[in-house]
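[1] structural data only, the sequence is not supplied:
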């Protein structure tokens, strides 16, 4: 019976291997929660792409081998130094793709990895369309509204690109540091998205001066400001809706299914204010402010 079991296991392994296309090893880098790691690995498996490992791995024993010529792809915009180290020290080949944030970014990320391995992606049109359809209840709350990024966590370009696709306008993207080579694909996708949606390309400000930014916010009066915690309360006190940027750092925002979580965060201040209006509390707050 032991021999039978052994034979079965070998057979299972062979079947599993046959689901994949023959391609060079691929290692993904970026720290993500386990469910998201599983989701992205399965999305690539659907295209016949095998992920040889994740960096960092959940357990030390699962750390992937990194040899010269291995392909690597990042999942977060703030990993440019990791990307440089993998290319210079380990002689890995970096796949320069947009980041898998939002259905549009996830699709572009998968397509780029497929194109590098000479694979024709299948079923992505339907997958993306299905996700957009499921997000419509949130999108109708923000369509036509504007969002201003003060710049705090380097996710700004990816989030702005996704929100432009949702029908928002972005007058300015503040960003603490911009590595144009590592974010090149993301910047191109932002440009393409703005063109397709018929909105102006956001002004990108690296290492912004917050004082000047606040003046611009007063002039522009955006519907929402995504900012660090330090500026949230002063802006709220002046009647400007804000969302803490740190919440996007810790939320599950990668992959097709987590796009809903991004919109849940973005629309929360707007939904809260609508609820306050329904209760008549907005008048009360304004009167107290006068006192």
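    In hand now; what should we look at? Predicted model only: the values in this text are computed from it and were never measured.
[2] where does pLDDT dip in this protein?
    Where the chain drops to pLDDT under 70, the residues are 1-17, 276-291.
[3] pick out the residue nearest the middle of it.
    residue 101 (2.4 Å; Cα atoms, centre = their mean).
[4] am I right that it is in contact with residue 262?
    Yes. Counting by Cβ atoms under 8 Å, residue 101 touches residue 262, with 7.3 Å between them. The C-beta positions use only the backbone N, C-alpha and C, and glycine is treated the same way.
[5] need the overlap of contacts for the two.
    Both residue 101 and residue 262 are contacted by 159, 162, 253, under the criterion Cβ atoms under 8 Å, 6 or more residues apart in numbering.
[6] could you count how many residues lie near the residue nearest to the second one when sequence neighbours are not counted?
    Yep, that's residue 162 we're talking about. Among residues not flanking residue 162 along the chain, residue 102 sits closest, at 3.2 Å (Cβ to Cβ, 6 or more residues apart in numbering). Using other Cβ atoms under 10 Å, residue 102 has 30 neighbouring residues.
[7] enumerate every residue touching residue 102.
    Contacts of residue 102 by Cβ under 8 Å, 6+ apart are 158, 161, 162, 165, 259, 262.
[8] am I right that residue 148 is in a helix?
    No. Read with DSSP: H, G, I helix; E, B strand; the rest coil, residue 148 is strand and lies in no helix.
[9] which residues does it bridge with?
    residue 225 (DSSP bridges).
[10] so it touches residue 170, yeah?
    Yes. The pair residue 148 and residue 170 qualifies as a contact (Cβ under 8 Å) at a distance of 7.3 Å.
[11] buried ones in whichever strand or helix holds residue 190, by neighbour count?
    In the assignment (DSSP states H and E), residue 190 maps to helix 184-197. Residues of helix 184-197 classed as buried by neighbour count (16 or more other Cβ atoms under 10 Å): 185, 186, 187, 189, 190, 193, 194.
[12] by neighbours, which of the contacts of residue 102 wins?
    In terms of neighbours by other Cβ under 10 Å, the contacts of residue 102 top out with residue 161 at 29 neighbours.
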